[in-house]
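Asks: Predicted model, plus sequence, below.
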There are 2 protein chains.
Amino acid sequence: MAERTYNISELAREFGVTTRTIRFYEEKGLVSPRREGRKRLFSPADRVRIKLILRGKRIGMSLDECVEVIDMYDPRNNNAEQLQALLQRLRARRAKLLQQKQDIDDMLAGLADVQQLCEKALADATT
Amino acid sequence: MAERTYNISELAREFGVTTRTIRFYEEKGLVSPRREGRKRLFSPADRVRIKLILRGKRIGMSLDECVEVIDMYDPRNNNAEQLQALLQRLRARRAKLLQQKQDIDDMLAGLADVQQLCEKALADATT
DNA sequence: GTTTACGTTTACGTTAACGTAAATATTGGC
DNA sequence: GCCAATATTTACGTTAACGTAAACGTAAAC
């Protein structure tokens, strides 16, 4: 079962980024496409990593942070010490994410108030 | 009722940023402290604006985006056209925020799975 | 056989959001 | 009167995350 591959512009199109961006991610070691001659061949795993990176970016994470989170997924840490360290990072990240959720909810509430006022003003204007 | 004021290092301490950061925000027009001689005197309103800026930053917004959101709060737009434009921006921002919430929930779920595996591995190790 | 479309490397440019350093007031405490 | 703490302005430096341009390879299409 030969795994499906993607070329660079295919992925760029799918995710709405430039090829430069993807090459930059390779430079940074975020993805590691195979080569066919000089051309890059991306695996489904590469594709997922890009997806995860972009998700991280949407919530304001730096590329380094994205890597940190992605790296948490593959458990190449065996001993108890490493596992404890991982748990520590998981807790820290979770706390940040919860804070962000709170911030978003606060902002949503504020904007909802503005929207109310706005719609009321419009209704009053037409009356 | 003389409004309370804050000096720069007071606010910097409260929010865990440097004075440079606050001066930079003034340069950008994000806050407009009064002056007593050369010294800056920040109003409670300035303080709130800084708070809102930092909240925006926590969820990955640029300073320009923070300004955009903050500006939505004060309705110095009267006519229907402006109100419609404001509603448009409100909807756009709301959509972004909801996407971000989704992203956060997805990531939280993923990390919870990792945590499970992690704790299980630790438990198995001690058995 | 030469456009056209896509790929490559190399390398310098750009923007945001401050950091950092230097030189200079101002001010309360001893 | 002087020292330490805190304020100021000016200005150059830094990092992340790409943008952009140049110069080139290659393969299908007409």
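Replies: Ah, there it is. Not measured: the values here are computed from a predicted model.
Asks: can you count the residues close to residue A:56?
Replies: 21 (other C-beta atoms under 10 Å in any protein chain shown). Just so you know, the C-beta spots here come from the backbone N, C-alpha and C atoms, and that holds for glycine as well.
Asks: Run the contact check for the helix or strand containing it versus DNA strand D.
Replies: Using DSSP states H and E, residue A:56 sits within helix A:44-58. Yes. Under the criterion of C-beta under 7 Å from any atom of the strand, helix A:44-58 makes contact with DNA strand D via residue A:57.
Asks: List the buried residues in that helix.
Replies: Residues A:46, A:47, A:49, A:50, A:52, A:53, A:54, A:55, A:56, A:57, A:58 are the ones in helix A:44-58 that count as buried (16 or more other C-beta atoms under 10 Å in any protein chain shown).
Asks: Check stretch A:26-38 too.
Replies: Going by 16+ other C-beta under 10 Å, stretch A:26-38 has these buried residues: A:26, A:30, A:31, A:33.
Asks: next one: stretch A:93-101
Replies: Within stretch A:93-101, the residues that count as buried by 16+ other C-beta under 10 Å are A:93, A:96, A:97, A:100, A:101.
Asks: tell me the pLDDT at residue A:1?
Replies: According to the prediction, residue A:1 has pLDDT 60.
Asks: Assign a three-state SS to whichever residue of chain A sits closest to chain B, would you?
Replies: Nearest residue of chain A to chain B: residue A:60, at 1.9 Å (C-beta to the nearest C-beta). Following DSSP: H, G, I helix; E, B strand; the rest coil, residue A:60 is assigned to coil.
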